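[1] Just to be clear, the model below is a prediction. Sequence and coordinates:
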Amino acid sequence: MDPKGDIFYIVQVLEGKINAFSYLVDKHKDKAYNLAFRICGNREEAEEIAQDAFLKAYRSLKDFKRKSSFATWLYRIVYNTAISLVRTRKNRVLSVEEFPVDAVDFLSFSSSEEEAADDYRNSLINFALQKISEEERGLITLYYYNELDTEEISKITGISRSNIKVRLFRARQKMAEIIRKVEMKNVFYHE
Amino acid sequence: MNNQEMNDDDLLRKFLNPERIEKAPEGFASKTLTRIQIETQSAKVNKDFFVKNRVPIISAATAAGLIIAAILIPSGETESVGSTIWKYIQDLEFTLPVINNNYFREFSLPGWVPYIIIGIFLLGFFDRALFGLFHKRKNP
């Protein structure tokens, strides 16, 4: 980790040193891409969203007030870009039956059993995420993957803290239900 | 969190590994920076347009300013432009309801204005011609 931090590089960029922006891209690209991917569920679109977000961030860097961290500000751009993109296209709703049976199916693509199980869990999470609304997907990603508290999430999404708690509760409930259903289906499959 | 919430949270944490984030594809950073560089260059080109065409732009703006000034200053009067504009604004409330033709009939350009305008346009034309000539030589 660079001890200089984001602000140092932001100042450099504002002074005209464009290359300093590469530090910010390198540092935040994975989490920005992950947020975009979890919301839209498509790798190509996620890449475009994340790139657009960085471009928007670069363009409006002079307007960055530093009241929040650069990451929070960037995630806000990613979140809004991804949500608006998803809202413009029709989502295909997957049924539980469409989900691959279990971890055994992942063995052919994975080098070990442990990796296969991890791939299975990740796919199941992606599957469950696609069954909830885009806003809920954003909240779940920010809470569980980016490990942000409700206050930070509120700054990113513009939703009040109490509302975030309610929506997280509902999203969690829906996802847990889907996971239980798939797991139950797998039990029957093996019997 | 109540029991139900805690159960759901536990289940999600069992399946969801925060370290298992979807990583940005290879070349993501370079692609993004290329896009930024292209954007910066095109912004510079737009900025350069005004620098390159500053003479015709200034000429046109000056000509427009002189024409407006000529319209506002009635011929034969020695009043300053400021006082004439102020007088014109003060007269607006009276002239707006009824169009006063006499006011417009009095308008005339001072004798030197056409020469100045022609001179400015000629200088602008010259500037463009010289720029085109040297620009071509630099970038054949």
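    Good, I have the coordinates.

[2] Run a quick neighbour tally on residue A:119.
    Using other C-beta atoms under 10 Å in any protein chain shown, residue A:119 is surrounded by 18 other residues. For glycine as for every other residue, the C-beta is placed from the backbone atoms N, C-alpha and C.

[3] and if you look at residue A:178?
    21.

[4] How about residue A:9?
    20.

[5] try residue A:28
    Based on other C-beta under 10 Å, the number of other residues close to residue A:28 is 21.

[6] Next, the contact list for it, please.
    A:70-71, A:74 (C-beta atoms under 8 Å, 6 or more residues apart in numbering or on different chains).

[7] again, only using 10 Å
    A:6, A:50, A:53-54, A:57, A:70-71, A:74-75, A:78, B:24 (C-beta atoms under 10 Å, 6 or more residues apart in numbering or on different chains).

[8] Going by neighbour count, which of the residues you listed comes out on top?
    residue A:50 (30 neighbours).

[9] what about the longest helix anywhere in chain A, near chain B?
    Looking across chain A with DSSP state H, the single longest helix is helix A:161-190. Yes. Against chain B, helix A:161-190 shows contacts by C-beta under 10 Å from any C-beta of the partner chain at A:165, A:168-169, A:171-177, A:179-180, A:183.

[10] Quick one, which of the residues you listed are buried?
    A:165, A:168-169, A:171-172, A:174-176, A:179 (16 or more other C-beta atoms under 10 Å in any protein chain shown).

[11] any chance of the residues you listed in CSV, with pLDDT too?
    As requested, these are exported to CSV (pLDDT from 0 to 100):
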residue, pLDDT
A:165, 94
A:168, 94
A:169, 93
A:171, 94
A:172, 93
A:174, 93
A:175, 94
A:176, 93
A:179, 91
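
[12] what's the most distant pair in the residues you listed?
    Within these, two members stand farthest from each other by C-beta to C-beta: A:165 and A:179, at 21.0 Å.
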